[in-house]
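> What follows is a predicted structure for the sequence shown.
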Amino acid sequence: MNLMPLQNGPSRRQFLATSASLATLLLAGCAPSSGDLSLPGSMDKTLDYKEIYGPMDSEPHAVKPINLHQVNKRLYRRRIKYQTDEPVGSIIVDTDRFYLYLVEEGGTAMRYGVSLGKEGFAWSGRAKVGWKKKWPTWTPPPEMLERKPEFAEFSKGMPGGSENPLGARALYIMKDGKDTLYRIHGTPAYWSIGRRASSGCVRMINQDIIDLYDRVPKGAQILVV
């Protein structure tokens, strides 16, 4: 399912045009220098991933456990050594490796696996977290309704819940004070992590977006490369 909520702001087409110039700037030297020392397929053996990715009973809606065999273990949440010039508290999304990094003090970052946009919906550049929501409402934009008329029943919004495409949390991405229409959000389709499966939004396992949500303040900087 292609996932994109509707908010007032520029069209996706306008934002993608702006992103082309941003991508050129990033390639000129603004991209972070990663010190990611983990190996492909590695995971932190000190963590109990069955517990981390188990059910979360404290939420108002069910957060179901994930089947660990359906997600590549290199995409499990873990803290790593990470060197970057971006300030502490920044979010960096690596679109080549399907990772989201939250920059921490002391040369470390919390790293999460993500799902990204399909061909034609990918984007890059700098933005910030405009606002955050728990169990957000999902509203398909007009472009999606044209492609997927079966979503018409949600034209006025699908309330937050276990089957909502935005999952348990959403971070709303702003650029120059305007809503980009892109989100960092949870997903019940956790098996899509590590793939290009969305309409440009950054998807995370629900347990991971809840963890990230609690660590990231409104206004945090975002760099997508």
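Structure's in. What do you need?
> could you pull out the helices for the protein?
With DSSP state H as the criterion, the chain has helices at 12-25, 49-52, 142-147, 206-215.
> Would you mind extracting the C-alpha trace of the last one into PDB?
Spelled out, it's helix 206-215. Extracted C-alpha coordinates of helix 206-215, given in PDB (Å, rounded to 0.1, in the frame of the first residue of the first chain):
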ATOM      1  CA  ASN A 206       5.900   0.500  15.100                       C
ATOM      2  CA  GLN A 207       8.100  -0.300  18.100                       C
ATOM      3  CA  ASP A 208      10.900   1.700  16.500                       C
ATOM      4  CA  ILE A 209       8.800   4.800  15.700                       C
ATOM      5  CA  ILE A 210       7.600   4.800  19.300                       C
ATOM      6  CA  ASP A 211      11.200   4.700  20.500                       C
ATOM      7  CA  LEU A 212      12.200   7.500  18.100                       C
ATOM      8  CA  TYR A 213       9.200   9.600  18.800                       C
ATOM      9  CA  ASP A 214      10.100   9.800  22.500                       C
ATOM     10  CA  ARG A 215      13.700  10.800  21.700                       C
END
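> Who are the packing partners of that helix?
strand 99-103, strand 108-113, strand 169-175, strand 178-187 (3 or more Cβ pairs under 8 Å, 6 or more residues apart in numbering; DSSP states H and E). In this view, the C-beta of every residue, glycine as well, is placed from N, C-alpha and C.
> for the protein, which spans come out with low pLDDT?
1-43, 119-122 (pLDDT under 70).
> one more time with 90
Counting by pLDDT under 90, the chain contains low-confidence residues at 1-47, 117-124, 139-145, 147-156, 180-181, 197-200, 225.
> a markdown table for the helices and strands packed on helix 206-215, including distance to residue 204 and mean neighbour count?
Below are those laid out as a markdown table (distance: least, Cβ to Cβ, whole Å; neighbours: other Cβ atoms under 10 Å):
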| stretch | distance to residue 204 | mean neighbour count |
| --- | --- | --- |
| strand 99-103 | 7 | 23 |
| strand 108-113 | 6 | 23 |
| strand 169-175 | 8 | 23 |
| strand 178-187 | 6 | 24 |
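> Between the ones you listed, which one is closest to residue 155.
Counting by Cβ to Cβ, residue 155 lies closest to strand 178-187 out of the helices and strands packed on helix 206-215; the figure is 15.9 Å.
> So which elements touch the closest one?
Against strand 178-187 (3+ Cβ pairs under 8 Å, 6+ apart) you get helix 12-25, strand 125-134, strand 169-175, strand 202-205, helix 206-215.
> how about a cut-off of 7 Å?
helix 12-25, strand 169-175, strand 202-205, helix 206-215 (3 or more Cβ pairs under 7 Å, 6 or more residues apart in numbering; DSSP states H and E).
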